[in-house]
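Chemist: following is a predicted model, sequence given first.
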Amino acid sequence: MNAFRQDYSKGSLEKAALMDNPYNQFEKWFNEVVESGAPEPNAVFLSTVNEQAQPSCRTVLIKEFNDNGFIFYTNYESKKASDISVNPSVSLLFFWHSLQRQVRIEGKAFSISPEKSDAYFKTRSRSSQIGANISPQSNVIESREWLENAYQNFDQNQDQIDRPVFWGGYTVLPHYFEFWQGRTSRLHDRFIYSLNNKGAWTIKRLAP
């Protein structure tokens, strides 16, 4: 495994260069990733914890972010949704290898309004709308054939496709950000933003 080791030398991060607001700092980095041409820059690892304190991690796509949080969409009967229903504390991890950067975010997940979920659902492709309707996400199914038959039957019998009530969005409202820039000799730059008791963000450097 040692043969896979790489040294990181594509950039640096100094406190003086950081924006006061972590959302603005995230937007700056995100735009730089987009401009670099990296594939699916909005892909993020979402970690949840269930009622037995068992963590789970999977990749989702962030569809919107602003000062009100980070929004993703899913099946409300999925494992991630089940975890969130008993423990809304979650974490997000963006890893952009091409720029040797990552962003860790910790916060709480909340369901967004049905109206906002409806609006986003209408922008999805027909195939994605069908998939959302027919897939019992995270449940055991008998075969791939069963899934494809369910898709074909729905496609042939539905003209207009509405958002199913069991599908919609979550917003993750952060209380913690960490911006990580890989550096040579593993002396990486790490800065955290955390909310103080007055609701303001404080910035501190962490040891790598």
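Modeler: Arrived safely. Quick caveat, the model's predicted, so the values are computed rather than measured.

Chemist: buried sites along the lengthiest strand in the chain?
Modeler: Looking only at the chain and at elements set by DSSP state E, the strand with the highest residue count is strand 167-181. Neighbour counts using 16 or more other C-beta atoms under 10 Å place 167-174, 177-181 of strand 167-181 among the buried residues. Quick note: C-beta positions are derived from backbone N, CA and C, even for glycine.

Chemist: go on, stretch 21-33?
Modeler: When burial is assessed from 16+ other C-beta under 10 Å, stretch 21-33 yields the following buried residues: 22, 23, 25, 26, 29, 30, 33.

Chemist: with adjacent residues omitted, what lies nearest to the second one?
Modeler: Spelled out, it's residue 23. residue 67 (5.2 Å; C-beta to C-beta, 6 or more residues apart in numbering).

Chemist: give me the neighbour count for that neighbour.
Modeler: Using other C-beta atoms under 10 Å, residue 67 has 9 neighbouring residues.

Chemist: verify the stated contact: it with residue 27.
Modeler: No: applying C-beta atoms under 8 Å as the test, residue 67 and residue 27 come out as separate, 10.1 Å apart.

Chemist: hmm, back to that, among the buried residues of stretch 21-33, which are located in helices?
Modeler: Secondary structure from DSSP state H places 22, 23, 25, 26, 29, 30, 33 of these in helices.

Chemist: does the fourth one touch residue 174 like I think?
Modeler: No: taking C-beta under 8 Å as the definition, residue 26 is not a contact partner of residue 174, at 9.3 Å.

Chemist: can you tell me how far the most centrally placed residue in the chain is from residue 180?
Modeler: The C-alpha lying nearest the average C-alpha coordinate of the chain belongs to residue 44 (C-alpha atoms, centre = their mean; 3.9 Å). For residue 44, the distance to residue 180 under the criterion C-beta to C-beta, to the nearest Å works out to 14 Å.
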